Every structure is written in structure tokens, then in C-alpha cells.
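Novice: when you get a sec, could you give me coordinates for this:
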Amino acid sequence: GMPIGLGVIVFTIVITGIYVRRANSEFDNLTEELKEAVLPELDQLFTELAESQSAAGELDAASAAAMAAARLWMVIDPRAATPCLARALDHRPDSDEAADLLAERLADEQRWTDLIRLLRSRAAASPDAASAARFHLRVARIAHEHMADAAVATTALERAFDLAPDDAHVMRERAAVLTALGAPEAAHAWRLVASGAAGHAKIEALLALADVAGIDDKDRAAAWREAIELGAATARPHAGLAAAADRDGRHLAAAEHWRAALRVAATEERPDLELSLGKSLRAAHSLDAARAAFTRAQAADGAAAIIAGAYLAIERPAHNPRERDDALRALVAAAGLCSSDEQAQLAPVTIQLLCQRADASAVTSAAAASAAAASGPRSAPEGALADIAQAIALLPWVPAARATVGDVLWRLVGNTTDEPAWIDRAVELADDE
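Specialist: The predicted structure is shown next:
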């Protein structure tokens, strides 16, 4: 049984290899021959048929012939199908199939101007206002997302709204595009959506209103509160109110909002929310509760866990070199992930620990050189200089630490002659003081 099974496996592999080789050579060649020889003749045949039917006034037949040519090309060379679809639409402008396929082709080819022209013609030929409005909404999306043309997008939005001012879909799309454009009318547009909506749709409109740039802080908070009253099962409004309370210095109130956000948060949102809760509690001097929140955030993966570890590092004093090194690893790992505000809070302790470690290296290096009665220039320890380089990079957040960093750097390189760049840096720090 085993030899037969292995034989079947080997046979299958060989046959598959032969097929793949032929597919990549013979079949590709056959496809090219078909494309170069047969399809052009068929295309010409269908084109002539379409023209003759059109001349006879048989527009449906003419459109069908052009569509047949387009379908042939779609299999082999979709780009060549585009002019066939355009001819089919010329023969029968009300053909939704031809118009939809042509719109897809124009989008694939990124011919946005032609696509907008097509959509406008379809809007003009639409049997009802709601359908026409949807075409104008699509024009607005294309103008904004692919052409960066705010004027065309805004004009299309207003046409859509004029045609169907009470259509919920039109109102939502208009508000969304106005928001993306950064238009001042976006807030009013979302208020209109919210006023005509109910349940989940109203909650989403209120949350979108709160996200509009430039809205008044009181209006934003009112939108969040209304969404919460309506039963919003998301952390967003609670987190928004918490962040606003933190900005106002009401850190205990902020902590309560963060806790409310955690009660409805998705699993992936929890680390960031726990980190924010810890920062609010730390600002409110509730240090034990803050450490507990940071510990919960640190239990996850990702940036929030790394930053939470850094906050725990500055809350737990380092009593020995190992604890100091552990704290520094956490702080340095967080440096590239922090916001400016977070960096300002973490930088003082980071600089302090970096200087302590560099200073210890300087003392150790000097003692070793003295014991060995070494002659000639002494090289500063590379690790210590790397620590000082990191400390210098953090000085913009803690200008008052320049003197401390400069003193440690002088002890590292003050008696050497082979570190001129570092000596210059030490002099620069001293001059700044």
C-alpha cells in the first residue's frame, strides 16, 4: 500500500508540473494568438453589425451587438472593451447594463473626468429625483477622493441635496463628504441627519457630529451625552467626555468617564483606555489606582502596553542597577510611541536614569584607568556615551536638565583627547547654561 501511495503522489506532482509548464507557455501563446487574430475580426464583425442595425433604426439590436463585442474583450483584454461599451451606450442611452459596465471600466482605468461626465448624464436621464441624487453623490465622492476637487464635489453635493432633501441616504452621504472636505457646513449637515433619524442611526449621526473638526466644545459634549442617553454601546462618547475633562483639569471626573468607556469597550480598545485611565488617576494623585490601571494596560500587547510600562517605571524608584536598567528599557522603548505630552512626562525620569548609568560608567572607567596607571589618552565608554546621546535627544522636553547632562558628559570626556566631537558637545551644553 505504501509504495502505491507514494507512486500516486509522485505521479500527481509530475502531471501538475507538466500542466503548469504548458499553461505558462503553450496556453499563453494560444491566448495571444486568439487576441491578435480572432478577436479583432469578431470585434469588426460586431461593430459593422451594430452600425448597420443603427442605420436601420434598430437601436436595441445595435446596442446588443456592441455589448457582445464588449463581452468578448472583457475576457481577454478588459481595456479594449471600454470603447465597445461606449458604443453600446450611444445606441441605447437608457441601458443600465452598458452604463454600469462602462462606469466600472472607467473607474478601473482611473478616467475620472470621463466617469463624472457619464454619471452626470445618467443623473440627467434618471426617472426619479432619488436616483439622480445618488449619481450626484457618486460624482462628489470621485471629485473628492480621486481628483481633490472640492468645488466639483461641493456642487455635486448641493445638487443631490436639492433633488432629495428628505432622503436619509442622501443626507448621510452629503454630511460624510462635507466632513471629509472639512467644509464648515458639515456640522449642520449632521444635525439634519440626526434630527430625522432614530435609534442606532441617530447615535451614529451624533457621534459623527462630535467628530467634526471646528465644532464648539459644548456642542461636541452635548452630542456625546445625547448619544450616551440613547444607549450608545461604544466607548467613543465616554472617551470623548473623558478627554475633555482631562483638558479642563478635572481628572477625577475624567477617570469616571474612562471607567464608563471600559464597561462598553471592545477587547482591542481596552489597553488604550486603561492607559488613559491610569494617566488621569496619576494626574489626580491617585497613585495606587493609577498603578493598577497601568498594570492592566501592560498585560496586553502593543504601544499602550509599552507606554504603560514606562509610566510604571517612573512610579517605581530604581534601587539597584538591574531595576534601573529595566526601567530604562521600558522608557526608551516607549519614547518613539509617545505623544509630545507623554514625552514631557516621561523625559525627566528617563534623563535622570540615563545620567545615573552614564555617571556610574564614568566612575568605573576612571577607577580602572587609575588602577592600571594607564598612560596616554583614555577613551570614554561607548555605552555611557550612547546613554548621554539619548539624554541629549530628550533635552527639548526638559531644558532644566542641561546642566546635569553636561556635568556627566564632562566627567566622561573631560580628560580624553580622542573624543573631540563629544568634548565640543560638552562645551556647547556648558555654554547654553
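
Novice: centroid-nearest residue for the chain?
Specialist: What sits nearest the mean C-alpha location of the chain, by C-alpha atoms, centre = their mean, is A180, with 14.5 Å.

Novice: could you pull out the helices for the stretch 201-350 of the chain?
Specialist: Counting by DSSP state H, counting those that start in this stretch, residue ranges of the helices within the stretch 201-350 of the chain are 217-229, 236-247, 251-264, 270-283, 287-298, 303-315, 321-335, 340-371.

Novice: nearest to A133, out of these?
Specialist: Using C-beta to C-beta as the measure, helix 217-229 is the one of the helices of the stretch 201-350 of the chain that comes nearest A133, at 26.1 Å. Using the backbone N, CA and C atoms, a C-beta is placed for each residue, glycine as well.

Novice: among the helices of the stretch 201-350 of the chain, which is nearest G406?
Specialist: Each of the helices of the stretch 201-350 of the chain was scored for nearness to G406 using C-beta to C-beta, and the closest is helix 340-371 (10.0 Å).

Novice: report the mean confidence score over the closest one.
Specialist: What helix 340-371 shows for mean pLDDT is 73.

Novice: next one: stretch 127-146
Specialist: Looking at stretch 127-146 alone, the average pLDDT works out to 92.

Novice: can you mark which positions in that stretch are buried?
Specialist: Of all the residues in stretch 127-146, those buried under the rule 16 or more other C-beta atoms under 10 Å are 129, 132-144.

Novice: using CSV, list the CA coordinates for that stretch.
Specialist: Written as CSV, here are the backbone C-alpha positions of stretch 127-146 (Å, rounded to 0.1, in the frame of the first residue of the first chain):
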residue,chain,number,x,y,z
PRO,A,127,-36.6,58.7,-13.9
ASP,A,128,-36.8,60.0,-10.3
ALA,A,129,-35.1,62.5,-8.1
ALA,A,130,-33.7,60.0,-5.6
SER,A,131,-31.8,58.0,-8.3
ALA,A,132,-30.4,61.2,-9.8
ALA,A,133,-29.3,62.4,-6.4
ARG,A,134,-27.3,59.1,-5.9
PHE,A,135,-25.4,59.7,-9.1
HIS,A,136,-24.5,63.2,-8.0
LEU,A,137,-23.3,61.8,-4.7
ARG,A,138,-21.0,59.4,-6.5
VAL,A,139,-19.7,62.4,-8.5
ALA,A,140,-19.0,64.1,-5.2
ARG,A,141,-17.1,61.1,-3.9
ILE,A,142,-15.0,60.8,-7.0
ALA,A,143,-14.2,64.5,-7.2
HIS,A,144,-13.1,64.5,-3.5
GLU,A,145,-11.3,61.1,-3.2
HIS,A,146,-9.6,60.9,-6.7
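
Novice: mind checking which helix or strand L49 is in?
Specialist: In the assignment (DSSP states H and E), L49 maps to helix 39-55.

Novice: in CSV, list the helices of the stretch 201-350 of the chain along with mean neighbour count and distance to R411.
Specialist: Supplementary listing: the helices of the stretch 201-350 of the chain in CSV, determined by neighbours: other C-beta atoms under 10 Å; distance: least, C-beta to C-beta, whole Å:
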stretch, mean neighbour count, distance to R411
helix 217-229, 17, 50
helix 236-247, 21, 41
helix 251-264, 19, 40
helix 270-283, 24, 33
helix 287-298, 19, 34
helix 303-315, 22, 25
helix 321-335, 17, 18
helix 340-371, 18, 4
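
Novice: so which of the ones you listed gets nearest A50?
Specialist: helix 236-247 (55.2 Å).

Novice: what is the closest one packed up against?
Specialist: In this structure, helix 236-247 packs against helix 199-211, helix 217-229, helix 251-264, helix 270-283, with contacts taken as 3 or more C-beta pairs under 8 Å, 6 or more residues apart in numbering; DSSP states H and E.

Novice: centre of the chain to it, how far?
Specialist: From the chain centre to the centre of helix 236-247 is a distance of 22 Å (C-alpha atoms, centre = their mean, to the nearest Å).

Novice: show me what that helix is in contact with.
Specialist: The contact list for helix 236-247 (C-beta atoms under 8 Å, 6 or more residues apart in numbering) reads 206-207, 210, 217, 220-221, 223-225, 227-228, 251, 253-258, 260-261, 264, 273, 276, 279-280, 283.

Novice: quick check: mean pLDDT of stretch 214-221?
Specialist: In this model, stretch 214-221 carries a mean pLDDT of 91.

Novice: G336: how many residues sit nearby?
Specialist: 9 (other C-beta atoms under 10 Å).

Novice: same thing with D216?
Specialist: The burial count assigned to D216 is 9, neighbours taken as other C-beta under 10 Å.

Novice: phi first, then psi, for it.
Specialist: phi -60, psi 140 (degrees, to the nearest 10).

Novice: picking that back up, now, which of the buried residues of stretch 127-146 sits nearest L287?
Specialist: H144 (48.3 Å).

Novice: that closest one is in contact with A153, isn't it?
Specialist: Yes: distance between H144 and A153: 4.3 Å, which falls inside the contact criterion (C-beta atoms under 8 Å).

Novice: between these two, what contacts are shared?
Specialist: Contact criterion C-beta under 8 Å, 6+ apart; residues bridging H144 and A153 by contacting each: 177, 181.

Novice: who's in contact with stretch 123-132?
Specialist: Taking contacts as C-beta under 8 Å, 6+ apart, the residues outside stretch 123-132 that touch it are 93-94, 133, 135-136, 139, 159-160, 163-164, 167, 170.

Novice: let's see that with 7 Å instead.
Specialist: Stretch 123-132 has contacts (C-beta atoms under 7 Å, 6 or more residues apart in numbering) with 93-94, 135-136, 163-164, 167.

Novice: narrow those to those that are buried.
Specialist: Buried residues within those, defined by neighbour count using 16+ other C-beta under 10 Å: 135-136, 163-164, 167.

Novice: name the nearest of those residues relative to T82.
Specialist: Distance to T82 across the buried ones among the contacts of stretch 123-132 (C-beta to C-beta) is lowest for F135, with 19.6 Å.

Novice: which residue sits closest to that closest one, ignoring its sequence neighbours?
Specialist: Distance criterion C-beta to C-beta, 6 or more residues apart in numbering; nearest residue to F135, sequence neighbours excluded, is A123 at 3.7 Å.

Novice: cool, V193 as well?
Specialist: A205 (4.2 Å).

Novice: contact partners for the one you found?
Specialist: For A205, the contacting residues are 190, 193-194, 197, taking C-beta under 7 Å, 6+ apart as the criterion.

Novice: can you rerun that using 8 Å?
Specialist: Under the criterion of C-beta under 8 Å, 6+ apart, the contact partners of A205 comprise 172, 175, 190, 193-194, 197.
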